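Test case, fold it:
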Amino acid sequence: MENFLATVKETVNPATQPVGVNLVRNVAQLEGLKIKVRGKRLAICQQIAYSRMYSWSTFADAETSHCALGAACTGIILPPERVMDGTVNTGVYQKTQEAAAAMQQMMPRVEPGVAGVLTYPLARSFAGMTPDLVVIYVNSAQAMRFTQAFLYHQGGEFVMKTSGDAGVCSRAVAQVMLTGAPIVEIPCMGDRRFAMAQDHELIVGIPFEWLERTTEGLAATHKAGIRYPVPFQIPAACELPPDYITSEEDAELI
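Model prediction:
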């Protein structure tokens with residue numbers, strides 16, 4: 001993970017920290033861990049915000065995971081009927097309950113049985129614990145660099161799916177867990193309002209098994225000259241107004 005973090009810092013340098021996420025199925029795994037935020041009612045996106053912005057570890061279970069959509073997506077609770085039948089989205093995200101239900105039924109969800117979600121800055125991982133996945137918030141140019149890294153070994157194309165809702169919990173966590181493949185996603189309304197996601201940010205979710213190949217892809221494309229920040233091509237003799245341009249006479253005024 002140290003190599004991954006160093007390579008991400010050198011090649012992409014996101015504004016906030018990469019976050020390790022574990023879907024904990026046995027709370028006995030947490031025994032002895034010093035978790036900074038536990039026992040507070042938090043949405044999944046808020047947990048990740050604490051970890052990426054403040055370097056705090058967090059844990060939320062069925063009693064404290066505050067957003068029903070996020071808790072259901074991550075397997076902490078069974079999806080409530082009001083979610084699956086579209087009631088929560090009708091007249092908000094979709095015109096009809098039928099359309100709302102269709103959207104909810106397509107949303108990725110981990111099978112119930114997860115005791116809780118643990119988040120922490122990847123640079124301060126718990127000893128002996130391997131993250132299930134890593135979540136990173138980036139701008140569009142940085143998302144481009146990760147996409148290039150994901151395709152470095154296999155080529156083809158990178159397909160992005162989104163519902164415009166439950167972004168980090170349904171895609172960056174649930175979809176990554178279900179497919180074992182990385183994602184790029186748009187932060188949802190709750191992430192923006194309650195977890196400080198910014199207008200320019202996108203979410204990258206990476207399964208742990210992809211960290212090494214992502215590291216190789218970032219490093220190799222960086223070495224090949226694909227850099228972030230993208231260097232502008234600054235023209236020589238740019239078109240200034242005539243009086244702004246140094247003349248031969250000006251050059252003699254030394």
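
how near is residue 65 to residue 72?
Going from residue 65 to residue 72 by C-beta to C-beta, to the nearest Å gives 9 Å. In short, each C-beta sits where N, CA and C put it, glycine included.

typo on my end, residue 137
The value you get for residue 137 to residue 72, if C-beta to C-beta is used, is 23 Å.

For those two, indicate the residue with more neighbours.
Ranked by neighbour count (other C-beta atoms under 10 Å), residue 137 and residue 72 place residue 137 first, with 29 against 25.

and the more buried one, what is it in contact with?
14-16, 52, 187, 197, 201-204 (C-beta atoms under 8 Å, 6 or more residues apart in numbering).

who wins for neighbours among those residues?
Most surrounded of these: other C-beta under 10 Å gives residue 204, at 27 neighbours.

That one belongs to a strand, doesn't it?
Yes: Residue 204: assigned to a strand according to DSSP: H, G, I helix; E, B strand; the rest coil.

Go ahead and confirm it touches residue 187.
No: Residue 204 is not in contact with residue 187 according to C-beta atoms under 8 Å; the separation is 11.4 Å.

out of the contacts of residue 137, who's nearest residue 94?
For the contacts of residue 137, the residue nearest residue 94 by C-beta to C-beta is residue 187; the value is 19.5 Å.

Contacts for the one helix or strand residue 21 maps to next, please.
Assessed by DSSP states H and E, residue 21 sits inside strand 19-24. Residues outside strand 19-24 that contact it (C-beta under 8 Å, 6+ apart): 30, 48, 51-52, 59, 74-75, 110, 114-122, 125, 129, 131-136, 173, 177.

in it, what counts as buried?
Using 16 or more other C-beta atoms under 10 Å as the test for burial, strand 19-24 gives 19-24.

before we move on, back to that, can you add pLDDT and distance to residue 102 and give the contacts of residue 137 back as a markdown table?
Shown next, in a markdown table, are these (pLDDT from 0 to 100; distance: C-beta to C-beta, whole Å):
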| residue | pLDDT | distance to residue 102 |
| --- | --- | --- |
| 14 | 98 | 34 |
| 15 | 98 | 36 |
| 16 | 98 | 34 |
| 52 | 98 | 32 |
| 187 | 98 | 22 |
| 197 | 98 | 26 |
| 201 | 98 | 28 |
| 202 | 98 | 25 |
| 203 | 98 | 23 |
| 204 | 98 | 27 |
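
Centroid-nearest residue for this structure?
With distances taken as C-alpha atoms, centre = their mean, the chain has residue 203 as the residue nearest its mean C-alpha position (3.1 Å).

where's the closest residue to residue 189 other than its chain neighbours relative to residue 92, distance?
Spatial nearest neighbour of residue 189, chain neighbours left out: residue 165 (7.1 Å); criterion: C-beta to C-beta, 6 or more residues apart in numbering. Distance from residue 165 to residue 92, counting by C-beta to C-beta: 9 Å.

Looking at the two, which one has more neighbours?
In this view residue 165 and residue 92 are compared by other C-beta under 10 Å, and residue 165 has more residues nearby, 22 against 10.
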